[in-house]
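Enquirer: sequence isn't available, so here's the structure alone:
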């Protein structure tokens, strides 16, 4: 039976079938360049987080622009990155199950793999797996810097774990990981909140150093805090990721990056003058940070996003919207929207340039 | 490089790597039998909606239990169902783009395909595509029965569109589609609200009949209303779908079906006595109807579901939870959770029986 064909490069954007995840390549590439420039001039290196993008395509563009490697969240994502040619990866989540630890150790034969730990027994298990696999794994001690999620406390708990890691065979104690992810949308509080969190990381660094352990890498930061974090002398690399595409929640923060990812949809029903129904629902655009924004159509607002339908309320000139018309949406959260799409349709000047698989989607083990 | 291996049938459930979407086969099969029995004894046929399950595996089980066919939401889902051996499908969303209409017409050469329409021009385009493809497409006029989404109004607009469809070549006017999806969690209002909505459908039926057009099929209903809708004489088939697995939102409605789908996760960090971090986040469990529920662990509650992490607050005996322990979660919304997983791990009596691909996931065009 007939199945969907993906459009060929050269196709005008308006002929791509909907719903489709469209990337404005000029905007995404400018964001990559701008972030690299800001962080480098602040004295840091870029190690962009790829949990948002889930594709070696974007990771390689970031590395080409100057990033020293990338982060990801899961072993499955790391496998996809290595398969796609990325050779320096930090996994920023604790890896715990036996099968994942074995895959991690095997993967470290093919690329420089680093992982965070916050538990001594977990570190021992990773060491044993790496010994068996005849690989070496870089380990960063994960430090809780007020996000109150994973991580050990700075000071004695961090130093103790660092010493344990340092002595374990087939592990290389590489440094510390902290993430001030609780600083988001703080407005005027953003700078003091970020610095207060990073003071904890600085304290952890000084204590580990005082114990005689050298620290190569201190990894921290995100899109919301990159400009502050990159200037902290102890921080060697910045993990920002969302800046590449931005989204509704980040646009509100008035950062200098440009929205680069939209969902293109079509009006499939136009029952009354003040209502239009789009072919987009919770299964093709995420709403965990609220409904999407309607772009370029004054008077159109999302009133409901159900599983398979998007309902727009229309006032004024938006009521000219016709059955079959295309509508462009800015998702409130790019990360969870990308996570439900299989392809990026990468467009430049209105013409499709590349169709890129979201190869890491679903690789959450 | 090493990649994830899927576990083999016979694997004990606790050895399946996390996060994993687990189906209790006994519960799902009982739900299928129970729904079939309720609807049949109410005088209706079952045409379960597969937008939740997205897999021919479940559709074929439902057909084996007595369903006359299934519904789906998208052409891509219908293609996957036909590929998997399902031969009677109603698409309950308006299909509008040229490429989707052409695929629809091509697919109708391989199976009995029906689709809803609420627009005369759309019906003409589908007719032209079916003429070209030398296929026949069944068409149900989509009637707005108070959900205020797609659909024409009952009475003259419905009858006019039915007459147009009936005259178009390569289309077969099959009847009417209505969905009282706004009736959800109404409590005591559920019965009168459902009947009030269905009165609109009954009126539409009587007007179309009065115009001399025979109606084979009147398709309506969902899990929340199946027991009421199946008894309305004009309704010939019930589209319920969520009953097969249930979820947090449906459990609250105190229907008689059993929760059959859970997400199995692992504790990856246990930093302080009252906090545990799970390897599940927004990218492996949906929160559009709220956070998941923690099963079998009194004193454990979700406090935050971030992209890659789930944070539990622990009180009392739940504080015995250890690093590495497995935790079972009931998602608030199965449909959007299944939409981010690639596999069902189907378990009976604690043993893995089948690993089933979510073959329709991402097929939203």
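Expert: Received the coordinates, thanks. The structure displayed is predicted, hence computed values, not measured ones.

Enquirer: ok, the closest residue to residue A:179 other than its chain neighbours - contacts?
Expert: Using Cβ to Cβ, 6 or more residues apart in numbering or on different chains and skipping the chain neighbours, the partner closest in space to residue A:179 is residue A:147 (5.9 Å). (C-beta placed from N, C-alpha, C; glycine too.) Applying Cβ atoms under 8 Å, 6 or more residues apart in numbering or on different chains, we find residue A:147 in contact with A:179, A:180, A:181, A:182, A:197.

Enquirer: what helix or strand is the residue of the stretch 251-365 of chain A found nearest chain B located in?
Expert: Nearest residue of the stretch 251-365 of chain A to chain B: residue A:269, at 3.8 Å (Cβ to the nearest Cβ). Using DSSP states H and E, residue A:269 maps to strand A:261-272.

Enquirer: tell me the mean pLDDT over that strand?
Expert: Mean per-residue pLDDT for strand A:261-272: 98.

Enquirer: pull up the distance across stretch A:87-103, start to finish.
Expert: 16 Å (Cα to Cα, to the nearest Å).

Enquirer: just to revisit the earlier point, so which of the contacts of residue A:147 sit within strands?
Expert: Using DSSP state E, no member of these sits in strands.

Enquirer: assign the residue minimising distance to the centre of chain A to helix, strand or coil.
Expert: Nearest residue to the geometric centre of chain A (Cα atoms, centre = their mean): residue A:52, 2.9 Å. At residue A:52 the chain is in coil, as set by DSSP: H, G, I helix; E, B strand; the rest coil.

Enquirer: how close does it get to chain B?
Expert: According to Cβ to the nearest Cβ, to the nearest Å, residue A:52 and chain B sit 8 Å apart.

Enquirer: right, and residue A:288 touches residue B:288 too?
Expert: Yes: look at residue A:288 against residue B:288 with Cβ atoms under 8 Å: they come within range, at 7.1 Å.

Enquirer: just to revisit the earlier point, who touches the residue nearest to the centre of chain A in this structure?
Expert: A:241, A:242, A:244, A:245, A:334, A:335, A:338.

Enquirer: go back to the residues you listed and keep what's next to chain B.
Expert: Among the contacts of residue A:52, the residues lying close to chain B (Cβ under 8 Å from any Cβ of the partner chain) are residue A:335.

Enquirer: in helices, which of the contacts of residue A:52 fall?
Expert: Among the contacts of residue A:52, the residues falling in helices (DSSP state H) are A:334, A:335, A:338.

Enquirer: would JSON lines of those residues with pLDDT be doable?
Expert: Below are the ones in helices among the contacts of residue A:52 laid out as JSON lines (pLDDT from 0 to 100):
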{"residue": "A:334", "pLDDT": "97"}
{"residue": "A:335", "pLDDT": "97"}
{"residue": "A:338", "pLDDT": "98"}
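
Enquirer: can you put those residues in CSV and add neighbour count?
Expert: Formatted as CSV, the ones in helices among the contacts of residue A:52 follow (neighbours: other Cβ atoms under 10 Å in any protein chain shown):
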residue, neighbour count
A:334, 28
A:335, 25
A:338, 25
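
Enquirer: dump these to CSV, plus distance to residue A:91.
Expert: Output for those, formatted as CSV (distance: Cβ to Cβ, whole Å):
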residue, distance to residue A:91
A:334, 21
A:335, 17
A:338, 19
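
Enquirer: hang on, residue A:328 in a strand?
Expert: Yes: applying three-state DSSP, one finds residue A:328 inside a strand.

Enquirer: what's the local residue count around the nearest residue to it once chain neighbours are set aside?
Expert: Leaving aside its sequence neighbours, residue A:328 sits nearest to residue A:295 (Cβ to Cβ, 6+ apart; 4.4 Å). Neighbour count for residue A:295, taken as other Cβ atoms under 10 Å in any protein chain shown: 14.

Enquirer: how close does residue A:295 get to residue A:339?
Expert: 21 Å (Cβ to Cβ, to the nearest Å).

Enquirer: tell me the contacts of the nearest residue to residue A:180 once chain neighbours are set aside?
Expert: Take residue A:180 and drop its neighbours on the chain: the residue closest to it by Cβ to Cβ, 6+ apart is residue A:197, 3.9 Å away. If a contact means Cβ under 8 Å, 6+ apart, then residue A:197 has A:145, A:146, A:147, A:178, A:180, A:182, A:183 as its contacts.
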